[in-house]
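Visitor: Next one to model:
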Amino acid sequence: MATQLATPLATASNTASSRLTREVIASDPRPVTGWRRLVRDSIVASSATILCQGLGVVTAIVLRLLLEPAQMGVWQGLKLFLGYANYANLGISKGATRELSIAIGRGETQAAERGLSIAFTFNTIASVLYAIVLVGAAVIVAGETGSLWSNAWSVGLVAVAALAIGQRHVTFLVTILRARQAFTATAALSLLEAILTLAACAIFVRWWGLLGMYAGTLVVLAASTGFLHAVEPARLHFVWDPAESRRLVAIGAPILLFGVLGTLFRSLDRLMILAYLPDREYQLGCYSVALLVTAQLYGLANMLSIVMAPRYGELFGRTGSARDVARLAARSSEPLAAVTALLSGLAIVAGAPLLSAMLPDYRSGVAPLVWLVPGTAISALALPASQCLIAVDRQRRAFWPLAFALLAAALGNHLALRAGYGLTGVAMATSTGFTLHFLLTAFVALWEDLNRGERRRFIAGVCLTLFPTLGLAMSMALLDQSEAPSLAIATMKSAAVVGVWSATTWIGWHRGGWSTLARGIA
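Guide: Numbers count the residues shown, from 1 in each chain. Okay, here's the model as predicted:
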């Protein structure tokens, strides 16, 4: 009797569960422009990013063959100052483009278009002031060494000053295009920059060494500026409006501060290496091999998230519902986890031995890669949650998770370097900080607006997709640390990673509702 009752009860339970799953998936919030447009933009952006990353890897290897580790360390250090130029405008450009995304969702863009010109004016003035500061720093460095042009750091700071002005203009135009969801144009720009970087930098570096790196980067920036002025539909002009500038800064300043902390967080390992190790340029140059891989991985994840970012603001402008935006961000984390899991696993089992064989002078930077890649993959999953907070004007909530993770990573790096664990210790501490940042950001951004079932689905989707693949890849890499493994062994490891990833993706496809979403897209 019990058996007779159990069968229909189990059937009824499964039917109810399947019905509930279908209802939950069907009720998922959709981007205003639809899933099909989102998939198309994602394919365009990711395809361009993959091509650019391939060209970028070739460029990075060529440059490391032409430059010594110490010279590459100087360039890595100068790139930090160039990155900080993005925060000289107090966040006004971010505030203006966020307003544009919401205005597009509402169908009212006139005021937002004027805000872009106001932000352009403020942005230009701020970048010029930042360049003046860099030139002053170059003069101070030259005074200590005796000549402005004979020191790699001083002449590099002058070059970065020129780059900062042009880069801020280019970055603002790209941000406007992304807010308008013009990802075909931004993808074309990325390809143009990748091709020119390979050609110009390789030629100039071969001729002039590190000075050629500066010249080649300036050439690429000039070409990018010309391309964007040809395709950017916004008619930007100088408009000075103090009141509106203050309003846009009030919106963008928290986003800016979050970006400053984020940049510091992601560059903390490099800063700690420069501060703690006696042969800092050499060590940072070797560590750049690990950064080469993680930059490509994070770059692809960031590009996929950038495709989503304006859609969060557009959805909030249309519905005014923070819950809808949080649910969309949680759902978009699942395919992002799937992409990063596969690429990270392959980078660990195949990329590390390949780079070790190709760049023997940089071999000490390969071991940290095994520890840095998983943390980078996990940190990429914090992007949708962070963008969700920005879209619904809760960006201040993103500060304390990032600040707490930054302090934890700094302490971990300090202890690792003082204990003599070197570059591997730096990578382990940095990955720990990355993981902590994701956990705290997801809690702050999503937990309040997700119900119990949606929380379970989010945790299960991320953990199932990411951790089996990364765990297998790390285990195989740590158990076999030979410097030059055979091609057959690397192929078998890669096949095992793909197999585990395929199994977890199959579960997500059939049990996580991905197939239902795919049918809706089609």
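Visitor: what are the ranges of the helices in the stretch 51-200 of the chain?
Guide: Per DSSP state H, counting those that start in this stretch, the stretch 51-200 of the chain carries helices over the ranges 69-84, 92-106, 110-145, 152-179, 183-196.
Visitor: Quick check: chain neighbours aside, which residue is closest to L261?
Guide: Excluding the flanking residues, the one nearest L261 by Cβ to Cβ, 6 or more residues apart in numbering is L402, at 4.9 Å. To be clear about C-beta, it is placed using only N, CA and C from the backbone, and glycine gets the same treatment.
Visitor: Need the winner for burial among the helices of the stretch 51-200 of the chain.
Guide: The highest mean neighbour count among these, using mean count of other Cβ atoms under 10 Å, belongs to helix 92-106: a mean of 25.
Visitor: I'd like to know the average pLDDT value across that helix.
Guide: Across helix 92-106, pLDDT averages out at 76.
Visitor: and the angle for that helix with helix 110-145?
Guide: 160 degrees (axes from the mean of the first three to the mean of the last three Cα atoms, to 10 degrees).
Visitor: Can you find the helix or strand in this protein with the smallest mean pLDDT?
Guide: Ranked by mean pLDDT, DSSP states H and E, the weakest helix or strand in the chain is helix 2-26, scoring a mean of 42.
Visitor: Would you mind measuring from the nearest residue to R247 once chain neighbours are set aside to Q395?
Guide: Leaving aside its chain neighbours, R247 sits nearest to G95 (7.8 Å; criterion: Cβ to Cβ, 6+ apart). G95 sits 10 Å away from Q395, going by Cβ to Cβ, to the nearest Å.
Visitor: how about low-confidence regions in the stretch 351-500 of the chain?
Guide: 481-486 (pLDDT under 70).
Visitor: so the residue nearest to R247 touches S245, yeah?
Guide: No. With contact defined as Cβ atoms under 8 Å, G95 does not reach S245; the gap is 9.5 Å.
Visitor: what residues are shared contacts of those two?
Guide: Counting by Cβ atoms under 8 Å, 6 or more residues apart in numbering, the residues touching both G95 and S245 are A119.
Visitor: where exactly do the helices run in the stretch 201-350 of the chain?
Guide: 202-208, 210-231, 242-276, 280-319, 322-346.
Visitor: what pLDDT, on average, does the first one get?
Guide: Pointing back at helix 202-208 there. The average pLDDT within helix 202-208 is 78.
Visitor: show me what contacts L369?
Guide: Here L369 is in contact with V289, A290, V293, T294, A347, I348, G351, A352, L355, A427 (Cβ under 8 Å, 6+ apart).
Visitor: cutoff 7 Å now
Guide: Neighbour list for L369: V289, A290, V293, A352 [criterion: Cβ atoms under 7 Å, 6 or more residues apart in numbering].
Visitor: what about the third one, distance to A408?
Guide: Distance, V293 to A408, using Cβ to Cβ: 23 Å.
Visitor: So for those two, which sits in the more crowded spot?
Guide: Higher neighbour count among V293 and A408: V293, with 25 against 17, using other Cβ atoms under 10 Å.
Visitor: Can you report how many residues lie near R235?
Guide: Counted with other Cβ under 10 Å, the neighbours of R235 add up to 8.
Visitor: Just give me the residue right at the centre of the protein.
Guide: N302 (3.7 Å; Cα atoms, centre = their mean).
Visitor: In space, what's closest to that one - neighbours in sequence excluded?
Guide: L383 (6.4 Å).
Visitor: ok now the host helix or strand of that neighbour, how far from the chain's centre?
Guide: Secondary-structure element containing L383, defined by DSSP states H and E: helix 382-391. In terms of Cα atoms, centre = their mean, to the nearest Å, the gap separating the centre of helix 382-391 from the centre of its chain is 13 Å.
Visitor: tilt between it and helix 322-346?
Guide: Using the same axes, to 10 degrees: helix 382-391 against helix 322-346 is 160 degrees.
Visitor: for helix 382-391, packing partners?
Guide: Counting contacts by 3 or more Cβ pairs under 7 Å, 6 or more residues apart in numbering; DSSP states H and E, helix 382-391 packs against helix 280-319, helix 322-346, helix 422-446.
Visitor: pLDDT value on the closest residue to T217 other than its chain neighbours, please?
Guide: Nearest in space to T217, with sequence neighbours left out and distances taken as Cβ to Cβ, 6+ apart, is L163 at 6.2 Å. What the model reports for L163 is a pLDDT of 86.
Visitor: sorry, back to before: may I have the residues that are in contact with the residue nearest to R247?
Guide: L248, V249, I251, G252, I255.
Visitor: please redo it, this time with the cut-off set to 6 Å
Guide: Residues near G95 by Cβ atoms under 6 Å, 6 or more residues apart in numbering: L248, I251, G252.
Visitor: Now tabulate the residues you listed in TSV and tack on pLDDT.
Guide: Formatted as TSV, the contacts of G95 follow (pLDDT from 0 to 100):
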residue	pLDDT
L248	82
I251	74
G252	75
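Visitor: Could the C-alpha coordinates of stretch 411-429 be exported in PDB?
Guide: Provided in PDB are the C-alpha atoms of stretch 411-429 (Å, rounded to 0.1, in the frame of the first residue of the first chain):
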ATOM      1  CA  LEU A 411      47.400  41.700   5.100                       C
ATOM      2  CA  GLY A 412      47.700  38.400   3.300                       C
ATOM      3  CA  ASN A 413      50.300  39.700   0.900                       C
ATOM      4  CA  HIS A 414      52.300  41.300   3.700                       C
ATOM      5  CA  LEU A 415      52.400  38.000   5.700                       C
ATOM      6  CA  ALA A 416      53.200  36.000   2.600                       C
ATOM      7  CA  LEU A 417      56.100  38.200   1.500                       C
ATOM      8  CA  ARG A 418      57.500  38.600   5.000                       C
ATOM      9  CA  ALA A 419      57.400  34.800   5.500                       C
ATOM     10  CA  GLY A 420      59.400  34.300   2.200                       C
ATOM     11  CA  TYR A 421      56.700  32.700   0.100                       C
ATOM     12  CA  GLY A 422      57.500  35.100  -2.800                       C
ATOM     13  CA  LEU A 423      55.400  35.400  -5.900                       C
ATOM     14  CA  THR A 424      53.300  32.200  -5.200                       C
ATOM     15  CA  GLY A 425      52.400  33.600  -1.700                       C
ATOM     16  CA  VAL A 426      51.300  36.900  -3.400                       C
ATOM     17  CA  ALA A 427      49.100  35.000  -5.800                       C
ATOM     18  CA  MET A 428      47.500  32.900  -3.000                       C
ATOM     19  CA  ALA A 429      46.800  36.000  -0.800                       C
END
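Visitor: how about that stretch: buried residues?
Guide: G412, N413, A416, L417, G422, L423, T424, G425, V426, A427, M428, A429 (16 or more other Cβ atoms under 10 Å).
Visitor: would you list the residues you listed in CSV and tack on distance to T184?
Guide: As requested, the buried residues of stretch 411-429 are exported to CSV (distance: Cβ to Cβ, whole Å):
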residue, distance to T184
G412, 42
N413, 41
A416, 44
L417, 45
G422, 44
L423, 40
T424, 42
G425, 43
V426, 39
A427, 37
M428, 40
A429, 40
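Visitor: wouldn't S101 be in contact with R311 here?
Guide: No. Using Cβ atoms under 6 Å, S101 is not in contact with R311; the gap is 8.2 Å.
Visitor: Grab the nearest non-local neighbour of S47.
Guide: For S47, the spatially nearest residue (Cβ to Cβ, 6+ apart) is A187, at 7.4 Å.
Visitor: tell me the contacts of that neighbour?
Guide: A187 makes contact with V44, A45, A48, according to Cβ under 6 Å, 6+ apart.
Visitor: how about the last one, what does it touch?
Guide: By Cβ under 6 Å, 6+ apart, A48 lies in contact with A187, S190, L191.
Visitor: Taking helix 183-196 as reference, get the angle to the helix or strand it falls within.
Guide: Using DSSP H and E, A48 falls within helix 35-66. Using the same axes, to 10 degrees, the direction of helix 35-66 lies 10 degrees away from that of helix 183-196.
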